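[1] Return atomic coordinates for the entry below.
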Amino acid sequence: MTSQEAFEHQLHCNMQALRHLPPGTLLPQPPDTEERQLLADLVRLPEEADPLAWLRQERGVLSARLTLCAILDLLRIMTRPPFTVQYPALPADEQAVLRDLTRLLDESDNGRVVGVLRAIVDRLHTLPELPAYLASARPIAADLAQRLLVDLITLPAGADPLAWLQVERTHITARIAFAKVLMQGLPEPPLTIARLRVYAYPTYVRRTDRFQAMVYEVAFGDEGFALRISAHLAMPDVPSWPPQSPPAWVGFDRVVDDQGYRYVVRFTTMEAGSAEWCGDPLPVVFHRSAFEKLRLACYPAVSDRVKELTFTSEGVVSYNAIGPERGRARELSPLPDVDIAPFAWRLVVPR
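    Coordinates of the predicted model:
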């Protein structure tokens, strides 16, 4: 999967987890009333329902507004370091306009007012250098939103951006709105599990002809539990593999206890690079491989009734290779033959 697809896969897994949390679980909630209600509606959907299709059919207007907010949030990134340091600057007058628009977004709840959002898009149309600037830059973290921003500011003058999103970009709009509202209902980094209660050192190893992983630490705390994992992944035999974008296993997708309850899973990559230089306990067994150390934080904490946890991986591997420039934009293209089989691991909860 591309990194965007892997990110969305994890969101859908966490949406399923939100429907089966242990009783009394408290997680963050969106501050906005409409977004808070939207998250609650998504959680209440039947298991077999497609949340993206439901957003398109039942919440199209709200999804378009949330997407426009997410797109315009990129202005904050574009007007602050490190983005302003890494890429050539816009003309000074256009920079000044972007800073003004950023301040307008930051004032109270203006970012959620439809009229203000439309006015900001109209103002962006007056910046002639901005489309080429965005198209030539490497993707910002929110790649889908960046592409829509380029499209928005090249719409004909007077076009309604919300109507355009709802009609012409309905599928991408649903994906962005889903991510925006769900991320507000999940714990944010830094991923903490509060006061530690007990450590476990299971040193579990999973090894195939393409993949090996070791769970070398599990920590149980008052608010959740966390895993530290080392993994090696055999890399495809592609001579031009870009060193800045090795494949990465995204960790365990689902966690369920022996009571049938699910847990939200968040992860961070602590280290990544070449396995030949990693210096971790796993032996180097592949001719050419990528290395990573992951930290997975799971919420909520395990209750005293839970005896066993099951961690499941669907074998999702995330990767992006930056291809050559084509026209104005640099495209992201996946590389083939990066795959691991699904597997599960059970852990007896230490007491």
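[2] hey, let's count contacts and neighbours off CA atoms from now on
    OK.
[3] give me the number of residues near Asp304?
    8 (other CA atoms under 10 Å).
[4] Can you list phi and psi of it for me?
    phi -70, psi -20 (degrees, to the nearest 10).
[5] cool, Pro283 as well?
    Per degrees, to the nearest 10, the backbone of Pro283 is at phi -70, psi 150.
[6] what about it, distance to Val205?
    According to CA to CA, to the nearest Å, Pro283 and Val205 sit 11 Å apart.
[7] More neighbours: which of the two?
    Neighbours per residue (other CA under 10 Å) separate Pro283 from Val205, with Val205 holding more: 15 against 12.
[8] Let's check: the centremost residue of the protein is which one?
    Centroid-nearest residue in the chain: Phe7, 4.0 Å away (criterion: CA atoms, centre = their mean).
[9] buried ones in the helix or strand hosting it?
    Per DSSP states H and E, Phe7 falls inside helix 3-18. Across helix 3-18, burial judged by 16 or more other CA atoms under 10 Å covers 3, 6, 8, 10-18.
[10] hang on, Val250 packs against Tyr319?
    No: between Val250 and Tyr319 there is no contact under CA atoms under 8 Å: 10.1 Å.
[11] Which pLDDT value belongs to Val255?
    If you check Val255, the pLDDT there is 97.
[12] number of nearby residues for it?
    Number of residues near Val255 (other CA under 10 Å) recorded here: 24.
[13] try Pro91
    Pro91, neighbours per other CA under 10 Å, totals 12.
[14] quick one: contacts for it?
    Going by CA atoms under 8 Å, 6 or more residues apart in numbering, Pro91 touches Glu129.
[15] begin at 59 from here
    All set: I'll call the first residue 59, so the last point we hit is now Pro149.
[16] and the gap between it and Glu63?
    For Pro149, the distance to Glu63 equals 35 Å [CA to CA].
[17] give me the low-pLDDT residue ranges for the stretch 309-409 of the chain?
    For the stretch 309-409 of the chain, the stretches flagged by pLDDT under 70 are 328, 330-339, 378-397.
[18] State whether Ala122 is indeed within a strand.
    No: counting by DSSP: H, G, I helix; E, B strand; the rest coil, Ala122 is not found in a strand; it is helix.
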